[in-house]
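1. how would this look folded up:
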Amino acid sequence: MALTPLLRGYDQVILDLDGCVWIGPEPIPGSVDAISAIRDAGVRLAFVTNNSWYSAEDQVAKLWGMGVQASLADVVTVGGAMQHLLAETRQGRTAFVIGSESMFRHVQDAGLRVLNGTDLASRAEVVVVAASLELTYDDLKNAGLAARRNGDLLATGRDPTYPMPDGYWPGTGALLAAVEAASGRTAAIVGKPEPQLFLTALDRLGEGRTLVIGDRLDSDVLGASRAHLDAALVLTGDTSAEEAAAAKKPTPVAVGANLAELVLGKE
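-> Residues are numbered from 1 along each chain as shown. Presented below is the predicted three-dimensional model:
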């Protein structure tokens, strides 16, 4: 299958997962064919995600389950970026974590002692906020108290919602807003729209003309701009056609109804 003129202008693609390749457990129609066409054309490909619910191994397994061959080297996750940052800058400290089992492992593997479930939870030196399906009031209370005391608040992103088959679920940004309001602190962001995930993907891909494809103006397009990369937008995730048309700088170089339209010229 031939690529569109847009895709033929690039040597490599950095592709977001949620809202571009799949929504929840299901692939977006045409996305698997689009990925196959990118690879068949010799265009290098890496996947990036602000989704901290799952590990890189989980994401690779999900890609394989949808018929997309991928290795751990192909997938850059915000959980891995958080672990790297913590290991480099905060090893040996105590932490309170809002997040999934995967994020707890990342924090522990970075060399921090997690205080969740202990009497010292509200005195943790570092607070890490990521997506969680099991958030409690105590989590918000302890995160707010610890962040207010020590001021070291980190989060995987500010995406307020997460696209799922039945609509938009609260994302990390929604949880983070509560912690920031309770603590009076502003979190340092590790994932998109900060450029690090894209820069890590570039390290793996090598040099070349690079296109980022994502579904959010405020994380994918803005993050690509901060990494000095072009970005294209699909409308299968968190951005409507009206929002895309009204976008201020940075603006996407192209907008498609879905990945298949961007890559193959057909919906």
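2. hmm, what's the outermost residue in this structure?
-> In the chain, the residue that sits farthest from the middle, by CA atoms, centre = their mean, is Asp119; the gap is 32.1 Å.
3. am I right that it sits in a strand?
-> No: the assignment for Asp119 (DSSP: H, G, I helix; E, B strand; the rest coil) gives coil, which keeps it out of a strand.
4. quick check: His84 vs Gly92, distance?
-> 16 Å (CB to CB, to the nearest Å). For glycine as for every other residue, the C-beta is placed from the backbone atoms N, C-alpha and C.
5. more neighbours, these two?
-> More crowded of His84 and Gly92, by other CB atoms under 10 Å: His84, with 15 against 9.
6. nearest spatial neighbour of that one, skipping sequence neighbours?
-> Once flanking residues are discounted, His84 sits nearest to Ala110: 7.7 Å by CB to CB, 6 or more residues apart in numbering.
7. just give me the neighbour total for that neighbour.
-> Per other CB under 10 Å, the neighbour tally for Ala110 reads 22.
8. residues in contact with it?
-> Met82, Gln83, His84, Leu85, Leu86, Ala87, Arg90, Gln91 (CB atoms under 8 Å, 6 or more residues apart in numbering).
9. okay, those in TSV with distance to Lys266 and pLDDT next?
-> Shown next, in TSV, are these (distance: CB to CB, whole Å; pLDDT from 0 to 100):
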residue	distance to Lys266	pLDDT
Met82	38	95
Gln83	40	95
His84	39	93
Leu85	41	95
Leu86	44	97
Ala87	45	96
Arg90	48	97
Gln91	50	97
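10. filter those to the buried ones?
-> Among those, the ones that count as buried by 16 or more other CB atoms under 10 Å are Met82, Gln83, Leu86, Arg90.
11. which stretch of helix or strand covers the nearest residue to the second one once chain neighbours are set aside?
-> Spelled out, it's Gln83. Among residues not flanking Gln83 along the chain, His106 sits closest, at 4.0 Å (CB to CB, 6+ apart). His106 belongs to helix 101-109 when assigned by DSSP states H and E.
12. let me see the mean pLDDT of that helix.
-> Averaged across helix 101-109, the pLDDT comes to 96.
13. that helix - contacts with which helices or strands?
-> helix 78-89, strand 94-98, strand 113-114 (3 or more CB pairs under 8 Å, 6 or more residues apart in numbering; DSSP states H and E).
14. can you add distance to Leu233 and give those back as a markdown table?
-> Converted to a markdown table, these look like this (distance: least, CB to CB, whole Å):
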| stretch | distance to Leu233 |
| --- | --- |
| helix 78-89 | 20 |
| strand 94-98 | 29 |
| strand 113-114 | 37 |
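15. nearest to Glu125, of those?
-> strand 94-98 (4.9 Å; CB to CB).
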